[in-house]
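In: everything below, folded, please.
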Amino acid sequence: MSGALDGIKVLDLSRVLAGPWASQLLADLGATVIKVEKPGAGDDTRHWGPPNLPDGTAGYFLAANRGKQSITVDITQPEGRAIVQQLAAEADVLLENYKVGGLKKYGLDYPTLKAINPRLVYCSITGFGQTGPYASRPGYDYIVQGMSGLMSITGPAEGEPHKVGVAVTDLFTGLYASNAICAALLARERSGEGQAIDLALFDCALAMLANVNMNWLIGGEVPPRLGNAHPNIVPYQVFATSDGHFILACGNDSQFARIAELCGHAEWATDPRFARNADRVAHRDALTPLLAEVFVTRTRDDWLAALDAAGVPNGPINTVDQAFADPQIVARGMRLDLPDAQGQPVPQVACPIQLSGTPVVYHAAPPALGQHTEAVLTSLGKTAEEVARLRENGVV
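Out: Predicted coordinates:
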């Protein structure tokens, strides 16, 4: 069965995470993705190990590059630029994350390629966008987490700001990019023309603060760092038990009444300090220690079972290995292996999108560097002799 994006050709000049995350999703949805890499080196993340596969490929690279074809092209050489331009002439989408203006000198910028292919959707991902006083700055997830305010609300209330444990700014931007690309392709069906997409890590990180942004814009108070607590809902946080920790996610007043009863303090539900969520938010410093004192008297699993029976949202705090072993994750098929060109199984995390009519397509494991160079060049009309000469001259 064909994927939703079957027939769409994507030329991916991006590296590291945000761009590759977007193009991997497009590949999962059925697009043909050609990843253009530097000869002899490739995407930096190929070398960001350990851990590594036996062939030396780093796990980091494997996280964001399945389903793609890899070709090596030196775009600093005229013949290399010509190859990429020829590919762009046939592509539906081009994805890149060079510094602003970085591809213009190679004739691979949007105005140049638009003249060659007016239907091209050209997606640029940078740290700060194509405009504004920071446009020329390089962008890094960690730095943008700090600049966007994300780190200011992450970490212990009395401790230092923390980054999130994975590069969420890159991942947010990759998801926004894939959405924007699909929207531009749909718009092209009506207009017949492609367009440029300008995405900035900084913009995406700020946008993803969601309700925290609104707390500032509407409330006028700088959102504090609350550790594992929630700024708008109480109790909605981590609590210690006699043998571990669990998450309590009380979403309304009726759930709180059930929590109070389980704790042996039904009177809390009618206490004017705690009866409504707004009251509990205002008096969280009074309520939280009362709950903590009770929760520590029983085991984690005892509380999880009791809260489940009462219909109160809760959950364990798993390690990554425990998450993969969870029967729900197993049932959903979120762990899979894809054979690479040598036949060795490459572990992967499945795409979480489940489409009933056009299911996700796993074309192949993440490619070896330049694995498809000859095949792609042949499809462009290059002879074996021409390919050999290009290799000899370091063009591919």
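In: ranges for the strands of the stretch 251-396 of the chain?
Out: Applying DSSP state E, counting those that start in this stretch to the stretch 251-396 of the chain gives strands spanning 314-316, 335-339, 345-349.
In: give me the residues contacting the shortest one.
Out: Residues from elsewhere that reach strand 314-316, judged by CB atoms under 8 Å, 6 or more residues apart in numbering: F246, I247, L248, A249, R300, W303, L304, L307, D308, Q322. The way it works is simple: take the backbone N, C-alpha and C, and place the C-beta from them, glycine included.
In: who does that strand pair up with?
Out: Applying DSSP bridges to the sheet, strand 314-316 is found paired with strand 245-249 (antiparallel).
In: can you dump the C-alpha coordinates of the strand it pairs with into PDB?
Out: Taking C-alpha atoms only, strand 245-249 is exported to PDB below (Å, rounded to 0.1, in the frame of the first residue of the first chain):
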ATOM      1  CA  HIS A 245       7.900   8.100  43.100                       C
ATOM      2  CA  PHE A 246       4.800   8.400  41.000                       C
ATOM      3  CA  ILE A 247       3.000  11.100  39.000                       C
ATOM      4  CA  LEU A 248      -0.400  12.400  40.200                       C
ATOM      5  CA  ALA A 249      -2.400  14.300  37.600                       C
END
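In: gap between it and the chain center?
Out: Relative to the chain's own centre, strand 245-249 is displaced by 25 Å; criterion: CA atoms, centre = their mean, to the nearest Å.
In: what sits up against that strand?
Out: So strand 245-249 is contacted by 228, 233, 235-239, 259, 291, 295, 300, 303-304, 307, 312-317 (CB under 8 Å, 6+ apart).
In: which element is D55 on?
Out: D55 is part of no helix or strand when elements are defined by DSSP states H and E.
In: tell me the pLDDT at it?
Out: For D55, the model assigns a pLDDT of 88.
In: tabulate the strands of the stretch 251-396 of the chain in JSON lines, adding columns for mean neighbour count.
Out: JSON lines is the format used below for those (neighbours: other CB atoms under 10 Å):
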{"stretch": "strand 314-316", "mean neighbour count": "15"}
{"stretch": "strand 335-339", "mean neighbour count": "13"}
{"stretch": "strand 345-349", "mean neighbour count": "15"}
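In: next, format the ones you listed as a markdown table and append distance to K104 and mean pLDDT.
Out: Compiled in a markdown table, these are given as follows (distance: least, CB to CB, whole Å; pLDDT from 0 to 100):
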| stretch | distance to K104 | mean pLDDT |
| --- | --- | --- |
| strand 314-316 | 50 | 96 |
| strand 335-339 | 37 | 96 |
| strand 345-349 | 36 | 96 |
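In: report the contact partners of F202.
Out: G127, F128, G129, Y134, G139, V144, M147, S148.
In: got phi/psi on it?
Out: phi -60, psi -50 (degrees, to the nearest 10).
In: likewise for S124?
Out: Backbone torsions of S124, given as degrees, to the nearest 10, read phi -110, psi 130.
In: do you know how far it is from L17?
Out: The gap separating S124 from L17 is 16 Å, by CB to CB, to the nearest Å.
In: how is the chain carved up into domains?
Out: 9-208+334-392, 236-317 (automatic domain parsing).
In: any idea which of those domains is most buried?
Out: Highest mean neighbour count among these (mean count of other CB atoms under 10 Å): domain 9-208+334-392, with a mean of 18.
In: first-to-last residue distance for that domain?
Out: Taking CA to CA, to the nearest Å as the measure, domain 9-208+334-392 stretches 28 Å from start to finish.
In: rewinding a little: among the contacts of F202, show me the least confident.
Out: Lowest pLDDT among those: G139, with 93.
In: contacting residues for that residue?
Out: Shown in contact with G139 (CB under 8 Å, 6+ apart): T126, G127, F128, A200, L201, F202.
In: which one is Y134 nearest to, not counting chain neighbours?
Out: Once flanking residues are discounted, Y134 sits nearest to F128: 3.9 Å by CB to CB, 6 or more residues apart in numbering.
In: no, scratch that, I was asking about G107
Out: Computed as CB to CB, 6+ apart, the closest residue to G107 that is not its neighbour in sequence is R81, at 5.6 Å.
In: let me have the strands of the stretch 251-396 of the chain in JSON lines, extended by distance to L87.
Out: Converted to JSON lines, the strands of the stretch 251-396 of the chain look like this (distance: least, CB to CB, whole Å):
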{"stretch": "strand 314-316", "distance to L87": "47"}
{"stretch": "strand 335-339", "distance to L87": "25"}
{"stretch": "strand 345-349", "distance to L87": "26"}
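In: quick one, phi/psi of the nearest residue to E90 once chain neighbours are set aside?
Out: The shortest distance from E90 to any non-neighbouring residue, by CB to CB, 6+ apart, is to K9 (6.3 Å). With angles defined as degrees, to the nearest 10, K9 sits at phi -110, psi 130.
In: what sits against K9?
Out: By CB under 8 Å, 6+ apart, the residues touching K9 are A31, T32, I34, E90, A91, D92, V93.
In: same thing but 6 Å
Out: K9 is in contact with T32, A91, D92, counting by CB atoms under 6 Å, 6 or more residues apart in numbering.
In: secondary structure element holding Q237?
Out: Following DSSP H and E, one finds Q237 within strand 236-240.
In: okay, now the sheet partners of that strand, with direction.
Out: strand 245-249 (antiparallel).
In: pLDDT of the strand it pairs with, averaged?
Out: Mean pLDDT, strand 245-249: 97.
In: in JSON lines: the contacts of K9, plus pLDDT.
Out: What follows is the contacts of K9, written out as JSON lines (pLDDT from 0 to 100):
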{"residue": "T32", "pLDDT": "97"}
{"residue": "A91", "pLDDT": "98"}
{"residue": "D92", "pLDDT": "98"}
